[in-house]
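[1] Sequence first, predicted model second:
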Amino acid sequence: MDLRDRESQQRLTESLRNLREELGVREEFPAYVLREAEAAVASHRLPPQDLRDLPFLTIDPPGSTDLDQAVHLARRPDGDTPGYEVHYAIADVPLFVAPGGAIDTEARLRGQTLYAPDGRISLHPELVSEGAASLLPDQDRPAFVWHFVLDTDAVVQSVTVGRAVVRSRRQLTYGEVQTAIDDATADEQLVLLREIGLRRIQQELDRGGASLNLPRQEITHDGESYGILTEPALACEDWNAQISLMTGMAAAQIMIDGRIGILRTMPEPDDAALGRFRRQSEALEHPWPAGVAYGAFLRTLDVTDPPQLALMHAAASLFRGAGYTAFDGEVPEAVIQSAIAAPYAHTTAPLRRLVDRFVLVTCASLSAGQDVPQWVRSALPELNSLMASSNQTASRLDSGAMDAVQAALLSNRIGEAFSAVVLQGSPPAVEDAPGKQAPRLSGTVQVTEPPLEATCYGELVAGERVTVILLEADIGRRRLRFEVKPTDAPREPRNDAPGSGQGSL
């Protein structure tokens, strides 16, 4: 779906601009930051180790210019232990960011790159993030290169990380990779991406890990009109993500062994959340079998089927409480990221996320047997709060922008009926105090056409197919609301516990 009404476009543009102002988004870089970036690019020197003979490639969404990662995959040479060899190059952002300098200070205020429908708000000046540090094709670039030796099951046998100069040969999109795999025209590297990725997915299942592979819903803008694209993730995205996850797990273990660093942690879902999700699976007629880990169960769900899509959304209640845990000297007790079922660290996106820069330098120092720089040590205690604040801003920007675009797309359709499936049911009714007005029941629905999620008033049961009426589409307030259309057919008695969806996303 797209939006071409001129008046709605103007109101949407204003709403998105107001959203940035409300969130205090830092859009323009101060002149002194840009001057420092120019000086850093002009004076940087490539590292002595030369890996330009390895034909690295990148895989990113179409149009990406801030390329954090490049990969080279190979089978182990004859005569060596059978298995695989992976070189994973990560942009050497620290080379361009002086500790305590103008770029460093500005990056700590931003925390991460923000993606809005009317433009990207970068963590670093574009001269760095889309130029000298980005692993663009056919360019000599400095990088932190992770070198993995894997056995035939893609289990890590050894890992090192150090600085080197690399040269990417190809910039591919996920669509191009998937097409090449599907039509059997993929070269050896892409075949290995699938082979290694599938073996790493099996390891994830074996250790009890889980991935929440919800359909991708993103705002598009062709320069004239806004739209919303909803589509399931491609299989190759999962394979590629496994290389990044492997690197994050290796980084975490290096830091734990070195007794210094910052981990990405998340607690296990509690018994109440697991019990609620099991009841929801039964109510949606796709029961979670006893003895099967929830990660393995989630991989069986077909998100093109509305009840199973609703169940996948309900599973979001199991992925809560993620944060960062810094340490220096004493390793904390809680080091596990429960969805990964292993210690894990953010280290593969330094162009777009603040914390990764510090993790990369920490791991490279420990891998080389050197002391971790003091500027890293002194930053560790504040990184959790900096990233938490940044994540909150990013979440509010994402949801606010989506609400605004959805409202604009439907602003001339007030009162119309739409087919939908309930993603999150309304909570059970509770007895209120005498004289107090009971809150109006509401939940979340997935409208079939146009495909979007929205709040809906009424008594809702997760997985149920309903007809909803559009009540409000306010572009300025970024609000979209529906109401369940009454039906003449008698409704089955509601089972509050299984299908309520309370506590899910």
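    In hand now; what should we look at? Residues are numbered from 1 along each chain as shown.
[2] CA only for contacts and neighbour counts going forward, please
    Will do.
[3] Can you classify residue 415 by secondary structure?
    coil (DSSP: H, G, I helix; E, B strand; the rest coil).
[4] Now do the helices for the stretch 51-200 of the chain: every range, in order, please.
    102-110, 126-127, 174-182, 188-206 (DSSP state H, counting those that start in this stretch).
[5] could those be laid out in TSV, adding mean pLDDT and mean neighbour count?
    Formatted as TSV, the helices of the stretch 51-200 of the chain follow (pLDDT from 0 to 100; neighbours: other CA atoms under 10 Å):
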stretch	mean pLDDT	mean neighbour count
helix 102-110	98	19
helix 126-127	97	17
helix 174-182	97	16
helix 188-206	97	19
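[6] For the ones you listed, give me JSON lines that also has distance to residue 444.
    Below are the helices of the stretch 51-200 of the chain laid out as JSON lines (distance: least, CA to CA, whole Å):
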{"stretch": "helix 102-110", "distance to residue 444": "31"}
{"stretch": "helix 126-127", "distance to residue 444": "38"}
{"stretch": "helix 174-182", "distance to residue 444": "30"}
{"stretch": "helix 188-206", "distance to residue 444": "30"}
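[7] looking at the ones you listed, which is closest to residue 343?
    Checking these against residue 343 by CA to CA gives helix 188-206 as the closest, at 12.6 Å.
[8] what distance separates the helix or strand just after that closest one from the middle of the whole chain?
    Following helix 188-206 in sequence order, the next helix or strand is strand 216-221 (DSSP states H and E). For strand 216-221, the separation from the chain centroid amounts to 14 Å (computed by CA atoms, centre = their mean, to the nearest Å).
[9] just for the stretch 101-250 of the chain, where's the confidence low?
    Scanning the stretch 101-250 of the chain for pLDDT under 70 picks out the ranges 222-224.
[10] Let's see that with 80 instead.
    Applying pLDDT under 80 to the stretch 101-250 of the chain picks out residues 118, 216-230.
[11] and residue 457, which of the helices of the stretch 51-200 of the chain is closest to it?
    Judging the helices of the stretch 51-200 of the chain by CA to CA, what sits closest to residue 457 is helix 102-110, at 36.7 Å.
[12] Residue 455: neighbouring residues, count only.
    17 (other CA atoms under 10 Å).
[13] which SS state does it fall under?
    strand.
[14] Give me the spatial nearest neighbour of it, chain neighbours excluded.
    residue 444 (4.7 Å; CA to CA, 6 or more residues apart in numbering).
[15] Please compute how far the strand or helix carrying that neighbour lies from its chain's middle.
    Following DSSP H and E, the helix or strand that holds residue 444 is strand 442-447. Averaging C-alpha positions (CA atoms, centre = their mean) puts strand 442-447 23 Å from its chain's average.
[16] With stretch 385-404 instead?
    13 Å.
[17] and it, C-alpha only, in CSV?
    Provided in CSV are the C-alpha atoms of stretch 385-404 (Å, rounded to 0.1, in the frame of the first residue of the first chain):
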residue,chain,number,x,y,z
SER,A,385,22.7,3.4,30.7
LEU,A,386,23.8,5.0,27.4
MET,A,387,22.5,2.1,25.4
ALA,A,388,19.3,1.7,27.5
SER,A,389,18.5,5.4,26.8
SER,A,390,19.3,5.0,23.1
ASN,A,391,17.3,1.8,22.7
GLN,A,392,14.3,3.6,24.3
THR,A,393,14.5,6.4,21.8
ALA,A,394,14.9,4.0,18.9
SER,A,395,11.8,2.1,20.0
ARG,A,396,9.7,5.2,20.4
LEU,A,397,10.8,6.5,17.0
ASP,A,398,10.0,3.2,15.3
SER,A,399,6.6,2.8,16.8
GLY,A,400,5.7,6.5,16.4
ALA,A,401,6.7,6.6,12.7
MET,A,402,4.8,3.4,12.0
ASP,A,403,1.7,4.8,13.7
ALA,A,404,1.9,8.0,11.7
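[18] what residues does it touch?
    Stretch 385-404 has contacts (CA atoms under 8 Å, 6 or more residues apart in numbering) with 12, 15-16, 19-20, 23, 108-112, 114-117, 219, 323, 354-355, 474-480.
[19] For the closest residue to residue 38 other than its chain neighbours, give its distance to residue 39.
    Leaving aside its sequence neighbours, residue 38 sits nearest to residue 127 (CA to CA, 6+ apart; 7.3 Å). Remark: distance between residue 127 and residue 39 (CA to CA, to the nearest Å) = 11 Å.
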